[in-house]
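Trainee: this is a predicted model, with the sequence first.
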Amino acid sequence: MTGAAVNTDHVYKNGKELRCGYTTGSCATAAAKQAVRILLGLPVTEGIGIMTPKGKALQLPAEVLLKEKDRVRCGVIKDAGDDADVTDGLMVCAEVRFPERPEDGKGPEYEIDGGEGVGRVTRPGLDQPVGAAAINSVPRRMILEVLREAAEQAGYAGSLQVVISVPGGGEVAQRTFNPRLGIEGGISILGTSGIVEPMSEQALIDTIRAEISMRTAEGAEALLMTPGNYGESFIRERMGLELENCVKCSNFIGEAVDLAAGFGVKDILLIGHIGKLVKVGSGIMNTHSRCADGRMETLSSCVLLAGGDADTAREILRCNTTEDALLFLREKACYDKAMEILAERVETALSHHVYDRIRIGAVLFSMQSGLCLIGKKAEEMFEDGIFCRGRLGSA
């Protein structure tokens, strides 16, 4: 396929200039626009111009894959720019058809559905209802707009059907959050802005929102929450808890508990490696290293508050990792008290962050030392039977 997308946007992350790409929703819209214009006999060009929801004009190259009297299929290659997007390079196709059934006289209808490689929603609480193709509302509006525009230009008053497909999308979807969200069989057609911003934090937060929405729609009032895979492994293997209502929050702990509060969650049990969650004890709600550190400073202050001496606090400050710090600290008499103080600080910071709207308990562990601490609110949740204590213990 020849041609290149006109997209000159760049962002700066970590001192680097990164090229923006465009979403699967933009690809589907451009493919649908090319296909409907060919079907209705309108002039076409190789580069298809669309307007994103954020007012950015894009011109995307579209390939004609099928051209028949009653249907046309076109495709656009997804270009994620410099973003590490698993859908980069996939072809997003749109087949526009005249309706197979006779018109009912009610006026034109525009139907949008998913085909090969586009997932189906199987659980409530997501952008689309159960049973629908995982084509989110913003891309649906974009596609409807180009259909209506073409029909008006061609003087066509009938209905149209559109099927969006992504060859290879089923395999790629296994490397996304879709199986976890209950979207089966393929990828989602997404994009609230139409543009892919490299290393986008908003994309991750949107995924967290979708997962919380799905779990609360199924009736969950209490959630497990963990930053990542280490936490999930500890929850499953060491605590014996099911991951059915577990939400991965990555580094966005503050955003995640805010979202949970907005969805009416009553209890959260946050379980994570001490290297991440110790930062929360100092009110750091984004635990990525580029945002803030404070790990050793927080630990050393807990040591001093627990009655430890200045030499112990200074030695903690010299440690490179929390694992090293814990191995050193376990030999000190102040260890248990320091962990108790840290647990209280973590739970208090979380409660203050959501203005005490949710009860949030914390469990912290390390890879070498095993269980480090269980906060008082976490203990309350175990006692109330909201979560099962399971097989807690040290390594």
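Mentor: Received, thanks.

Trainee: now do the helix or strand containing Val64: everything it contacts.
Mentor: Under DSSP states H and E, the secondary-structure element containing Val64 is strand 63-67. Outside strand 63-67, the residues that touch it by CB atoms under 8 Å, 6 or more residues apart in numbering are Met1, Gln34, Ile38, Val72, Arg73, Cys74, Gly75, Val76, Met91, Cys93, Glu95. For every residue, glycine as well, the C-beta is placed using N, CA and C.

Trainee: how about low-confidence regions in the protein?
Mentor: In the prediction, the chain carries residues with pLDDT under 70 at positions 1-8, 10-18, 82-84, 102-105, 197-200, 389-395.

Trainee: find the centremost residue of it, please.
Mentor: Central residue of the chain (CA atoms, centre = their mean): Thr207, 2.0 Å from the mean position.

Trainee: what about Ser289, neighbour count?
Mentor: Counted with other CB atoms under 10 Å, the burial measure for Ser289 works out to 11 neighbours.

Trainee: confirm that it sits in a strand.
Mentor: No - inclusion of Ser289 in a strand is not indicated when DSSP: H, G, I helix; E, B strand; the rest coil is applied; the result is coil.

Trainee: ok so, going back, alpha carbons of the strand holding Val64, as CSV, please.
Mentor: Output in CSV follows, covering the C-alpha atoms of strand 63-67 (Å, rounded to 0.1, in the frame of the first residue of the first chain):
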residue,chain,number,x,y,z
GLU,A,63,-6.6,0.5,0.5
VAL,A,64,-9.5,-0.8,-1.5
LEU,A,65,-9.8,-4.5,-0.6
LEU,A,66,-13.2,-5.4,-2.2
LYS,A,67,-15.3,-3.6,-4.7
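
Trainee: tell me the buried residues in that strand?
Mentor: Of the residues in strand 63-67, those buried under the neighbour-count criterion (16 or more other CB atoms under 10 Å) are Glu63, Val64, Leu65.

Trainee: give the contact list for the residue nearest to the centre of the chain.
Mentor: If you count contacts by CB under 8 Å, 6+ apart, then Thr207 has Phe177 around it.

Trainee: switch to 10 Å and redo it
Mentor: Applying CB atoms under 10 Å, 6 or more residues apart in numbering to Thr207 gives the contacts Thr176, Phe177, Asn178, Arg180, Leu181, Leu190, Val247, Lys248, Cys249, Ser250, Phe252.

Trainee: just the buried members of those?
Mentor: Of all the contacts of Thr207 considered here, the ones buried according to neighbour count by 16+ other CB under 10 Å are Thr176, Asn178, Leu181, Leu190, Val247, Lys248, Cys249, Ser250, Phe252.

Trainee: now the second one, nearest residue through space, not along the chain?
Mentor: Residue nearest to Asn178 in three dimensions, not counting chain neighbours: Gly119, with 5.4 Å by CB to CB, 6 or more residues apart in numbering.

Trainee: so how many other residues sit close to that neighbour?
Mentor: Gly119 is surrounded by 27 other residues when neighbours are defined as other CB under 10 Å.

Trainee: pretty sure it sits against Ile164.
Mentor: No - at 11.0 Å, Gly119 does not count as touching Ile164 under the criterion of CB atoms under 10 Å.

Trainee: what is in contact with these two at once?
Mentor: Jointly contacting Gly119 and Ile164 under the rule CB under 10 Å, 6+ apart are Ala133, Ala134, Ile135, Gly186, Ile189.

Trainee: over to the fourth one: give its phi and psi.
Mentor: The reference is to Gly186. In this entry, Gly186 is assigned phi and psi values of phi 170, psi -170 (degrees, to the nearest 10).
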